[in-house]
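Colleague: the following comprises the amino acid sequence and a computationally predicted model.
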Amino acid sequence: MRSSSIIILGLIFVGCAGNEQSEAEKILEEAYIQEKVDSTMMSLDEEMELYKQSLLWDTVGIDQSGVEIVSAEFVKTSEYSNYKSVKISYKNVTDKDIKAIRFKWYGLNAFDEPADCGNSSNEGFGSGYMDDGLKAGKTTSGTWSISSRDGDRIIKAWPYEVVFKDGTKWKSTYIESEL
């Protein structure tokens with residue numbers, strides 16, 4: 001919307017100037033207008049990228065998911081390898097049995113940079129699911145072999161979809177297909 005307004009204003013300005021403008025002045029005006037349009041488009045692209053990044057962190061309504069994250073950490077799964085997995089302990093805080101849960105996590109390396117968490121397109125982020133079921137009020141944990149080379153700590157882990165055995169579902173507002 002902003003870019004089309006700039007273009008229209010530019011065209012009106014150029015049109016109102018009449019024939020008194022030299023060819024050089026017209027070229028300069030067009031270049032100025034194009035620079036403004038390009039700048040606006042770049043700004044919109046940056047805003048869209050920030051919006052997409054915020055969606056990755058979407059934890060809206062997590063308190064209504066019925067799942068409480070007790071702990072999340074990188075763990076070595078073998079004494080013969082330096083690769084790490086992600087272990088999440090979680091509790092069903094509802095009175096309904098859970099059929100499956102989808103999780104997301106974000107981790108950092110020792111340099112406070114996004115760690116290799118199993119998602120090559122979004123550094124630092126990883127995801128996994130559990131479909132073993134979890135009885136009401138019970139706590140359990142799951143380990144996901146993500147083969148992280150540099151994971152140091154998990155900053156945040158959260159459920160983004162929960163399916164209950166009675167057929168009901170909870171889902172965060174995050175819509176993966178939009179990204």
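Modeller: Sure thing, it's come through. Residues are numbered from 1 along each chain as shown.
Colleague: got the buried residues for stretch 75-95?
Modeller: By neighbour count with 16 or more other C-beta atoms under 10 Å, stretch 75-95 contains the buried residues 83-88, 90-92, 94. C-beta here means a position set from N, CA and C on the backbone, and glycine is covered the same way.
Colleague: next: stretch 130-141.
Modeller: Quick answer for stretch 130-141 (16+ other C-beta under 10 Å): 130, 134, 140.
Colleague: again, but for stretch 67-75
Modeller: 67, 69, 72-74.
Colleague: and stretch 144-164, what's buried?
Modeller: In stretch 144-164, counting by 16+ other C-beta under 10 Å, buried: 144, 146, 148, 150-152, 154, 157-164.
Colleague: which ones among these are found in strands?
Modeller: Per DSSP state E, strands hold the following members of the buried residues of stretch 144-164: 144, 146, 148, 154, 157-164.
Colleague: which of those residues sits closest to E25?
Modeller: Proximity of those to E25 was ranked by C-beta to C-beta; the top entry is Y160 with 56.1 Å.
Colleague: ok, and the closest non-adjacent residue to that closest one?
Modeller: Using C-beta to C-beta, 6 or more residues apart in numbering and skipping the chain neighbours, the partner closest in space to Y160 is S172 (4.5 Å).
Colleague: tell me the spacing between the one you found and S22.
Modeller: For S172, the distance to S22 equals 59 Å [C-beta to C-beta, to the nearest Å].
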